[in-house]
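only the shape, not the letters, is given here:
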């Protein structure tokens, strides 16, 4: 049986926090987070699907810790297109 991973609020990074951590443009990361949230992109966590990006306090987007790597790939792909 697979080990269940638990997360708390501090594990979820806002788009701005992730941009500062990875030294990326905050506006690009925030736009990608908004687009990913609106598309309803899902990831597998502990055997069930959940959203990669959640909306917190009705305006702040937070990235799920399991989906951070996949989300960053989306940001890098968006930067290449421009």
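Looks like it arrived, so ask away. Please read these numbers as outputs of a predicted model, since none were measured by experiment. Residues are numbered from 1 along each chain as shown.

low pLDDT regions in this protein?
Along the chain, segments meeting pLDDT under 70 span 1-2, 81-82.

can you show me the strands along it?
13-14, 42-45, 48-51, 53-56, 60-63 (DSSP state E).

single out the most deeply packed of those strands.
Comparing the strands of the chain by mean neighbour count (mean count of other C-beta atoms under 10 Å), strand 60-63 comes out on top with a mean of 21. Every residue, glycine included, has its C-beta placed from N, CA and C.

and that one, how far out from the chain's middle?
Relative to its chain's centre, strand 60-63 lies at 7 Å (C-alpha atoms, centre = their mean, to the nearest Å).

ok, for residue 63, nearest residue in space, not its chain neighbours?
Counting by C-beta to C-beta, 6 or more residues apart in numbering, residue 63 lies nearest to residue 71, which is 5.1 Å off, once chain neighbours are set aside.

does residue 22 touch residue 72 like I think?
Yes - with contact defined as C-beta atoms under 8 Å, residue 22 reaches residue 72; the gap is 6.5 Å.

those two: which is more packed in?
residue 72 (16 against 13; other C-beta atoms under 10 Å).

please report how far the more buried one lies from residue 48.
Noted for residue 72: a distance of 23 Å to residue 48, by C-beta to C-beta, to the nearest Å.

can you check residue 62 too?
In terms of C-beta to C-beta, residue 62 sits 19 Å off from residue 48.
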